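Asker: A predicted structure for the sequence below; I have some questions about it.
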Amino acid sequence: MDLPFEPYRIKVVEKIRRTSPQERAQLLELAGYNVFKVPSTAVYVDLLTDSGTSAMSDLQWAALMTGDEAYAQSRSFSDFEATIRDIFGYRHVIPTHQGRAAEGLLFATAVKPGQVVPNNIHFDTTRANVEHVGAIALDCVADAGLDPVLEAPFKGDMSLEKLAAAFAKYGRERIPFVMLTITNNSGGGQPVSLANMRAVSAFCREQRVPLIFDACRFAENAWFIQQREAGCRDKSIHEICREMFALGHGCTMSAKKDALVNIGGFLCLDDDAMAQAATNLLILREGFPTYGGLAGRDLAAVAQGLREVLDEDYLAYRIGQVARLGARLDELGVPFLRPTGGHAVYLDARRMLPHVPQREFPAQVVTAALYRTAGVRAVEIGSLMFEHKDPDTGKPVPPAMELVRLAVPRRVYTHTQLDFVADACARVMELGPRLRGLEITWEPPSLRHFTATLRPVGGGPFLADA
């Protein structure tokens, strides 16, 4: 069989337990049909997120033991800074405790109320941070990225036409910078091509506006470029990374993704004034500039993880494992966003449950049913997460797609466990009209998907004849 070969040996294992359908049904009801509130001890395969859920290597664990906990100018920070500069190339490296803290620093200091931040697609915390400062988060992904059945190599690309239209509508003075998310998480973990990055970068230079990358999964994006883009097959991942980031002026990064750690992040900038403003706020909110809310051991583990993530054997296995899950779902007739992305498979909830209207959160229905059926925890990437108000009319705008993300933690699950997940997805789809839509009973003012509570529409049973 042609399977991705694990480029590692397993030294430590963690026991997980199975739960009964009755126990899961009770827990799901107690959680308000929001799997974020289900205890992890009652989850069999946890695909809620790939953020902070990776298994660290022996060298990363060793780095934890040798981390320098000096408050200022520790040797762990020196290694952290040098490693990031080597890969990303930016002059200013500002550590934070995770990615949303880096976003918070950037948007709080560089974005004013009423301004507009274009992106291919903002993810949830990025959008929330933009809106928190009174600005508009504008999605400009190419139309191909909104077609779940289209097979295309770079569906994360930004539309230059939509970007130009944004500048024409709002004016350059209202756009502090342009962002580009690599890979495009909200759009199925789809990569952005080097050609598109060059075009966006050239446009930004013409407009005299910085280009900032959301670089959470930069190495996975570089691997897709190496494998799919003309003229890149003979380039190393490191070379492609340097070429990508040379097109921008900075980046935000959640180290909990492609740095293979459980906590950490950073903000990189080339502009001195922007970096100074962010650093001033960092000292107030996070800590001294050479630790930024992280322990020295965490800085050391991030540096080691960034070196490891560039390994092409690792990336081939990592992305191959996700592709294999997609192939298994395809065999079972379960619809998903095609092609599979770098870190996750995104189920197409509309096609799985066509009887559930978008106002009744079909992606959340699939997510809840997956847990109830098999103890598999996924996350909704649909109306619950991404419905927002139109900035011109104030009316609610549903997202273009209703997706359920099966995010695969790095170096954690086996092929057989992911086969079990695929079988569970098929079982959920077979339930069909027996599954009822959901309605919100309580929600917070922002990022509602994390803590909202729901119930079956009208208060009846979630699964008919259960």
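Answerer: Cool, got the structure. Residues are numbered from 1 along each chain as shown.

Asker: Quick one: the helices in the stretch 101-250 of the chain, in order.
Answerer: 124-132, 160-170, 194-207, 218-228, 237-245 (DSSP state H, counting those that start in this stretch).

Asker: So which elements touch the first one?
Answerer: Here helix 124-132 is seen to pack against helix 99-110, strand 136-139, helix 383-386 when contacts are counted using 3 or more C-beta pairs under 8 Å, 6 or more residues apart in numbering; DSSP states H and E. From N, CA and C alone the C-beta is placed, and that goes for glycine too.

Asker: Look up the closest residue to the residue nearest the centre of the chain, ignoring the ones flanking it.
Answerer: By C-alpha atoms, centre = their mean, the chain has its centre lying nearest to Asn185, at 4.5 Å. Using C-beta to C-beta, 6 or more residues apart in numbering and skipping residues adjacent in sequence, the residue nearest Asn185 is Phe123, 4.8 Å away.

Asker: And Asp272, by the same measure?
Answerer: With C-beta to C-beta, 6+ apart, the residue lying closest to Asp272 is His92, at 7.6 Å.

Asker: State the number of residues packed around that neighbour.
Answerer: Neighbour count for His92, taken as other C-beta atoms under 10 Å: 20.

Asker: now do the one 3 residues further on
Answerer: Applying other C-beta under 10 Å, we find 28 other residues in the vicinity of Pro95.

Asker: Report the contact partners of it.
Answerer: Residues near Pro95 by C-beta atoms under 8 Å, 6 or more residues apart in numbering: 77, 80, 264-266, 286, 289-294, 299.

Asker: how near is it to Gln207?
Answerer: Pro95 is 30 Å from Gln207, where distance means C-beta to C-beta, to the nearest Å.

Asker: for Leu48, same thing?
Answerer: 38 Å.

Asker: Neighbour count: those two, which is higher?
Answerer: More crowded of Leu48 and Gln207, by other C-beta under 10 Å: Leu48, with 21 against 15.

Asker: Cys251 falls within a helix, correct?
Answerer: No - checked against DSSP: H, G, I helix; E, B strand; the rest coil, Cys251 lies outside a helix; its state is strand.

Asker: That one contacts Ile212, doesn't it?
Answerer: Yes - in this structure, Cys251 is within contact of Ile212 by C-beta atoms under 8 Å, at 6.2 Å.

Asker: tell me the pLDDT at Phe5?
Answerer: In this model, Phe5 is scored at 75, pLDDT.

Asker: which SS class is it?
Answerer: coil.

Asker: Going forward, the N-terminal residue is numbered 778.
Answerer: Shifting the count to begin at 778 puts that one at Phe782.

Asker: right, and the helices and strands packed on helix 901-909 - which one's nearest Leu1208?
Answerer: helix 1160-1163 (19.6 Å; C-beta to C-beta).

Asker: what packs against the very next helix or strand once past that closest one?
Answerer: Where DSSP states H and E defines the elements, the next helix or strand beyond helix 1160-1163 is strand 1165-1166. Under the contact criterion of 3+ C-beta pairs under 8 Å, 6+ apart, strand 1165-1166 touches strand 1173-1174.

Asker: strand partners of the strand it packs on, parallel vs antiparallel please.
Answerer: strand 1165-1166 (antiparallel) (DSSP bridges).

Asker: Run the chain-centre distance for the partner strand.
Answerer: Between the centre of strand 1165-1166 and the centre of its chain there are 20 Å (C-alpha atoms, centre = their mean, to the nearest Å).

Asker: Residues contacting it, please?
Answerer: Outside strand 1165-1166, the residues that touch it by C-beta under 8 Å, 6+ apart are 904, 1172-1174.

Asker: go with 6 Å
Answerer: The contact list for strand 1165-1166, computed with C-beta atoms under 6 Å, 6 or more residues apart in numbering, reads Val1174.

Asker: Let's verify Val1181: helix, strand, or coil?
Answerer: Under three-state DSSP, Val1181 comes out as strand.

Asker: Thought Arg1128 was touching it, still the case?
Answerer: No - applying C-beta atoms under 6 Å, one finds Val1181 not in contact with Arg1128, separated by 11.3 Å.

Asker: Can you give me the domain assignment for the chain?
Answerer: When the chain is parsed with automatic domain parsing, its domains come out as 798-827+1088-1236, 835-1085.

Asker: Mean pLDDT and distance to Arg786 for those - can I get that in JSON lines?
Answerer: Formatted as JSON lines, these follow (pLDDT from 0 to 100; distance: least, C-beta to C-beta, whole Å):
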{"stretch": "domain 798-827+1088-1236", "mean pLDDT": "94", "distance to Arg786": "11"}
{"stretch": "domain 835-1085", "mean pLDDT": "96", "distance to Arg786": "9"}
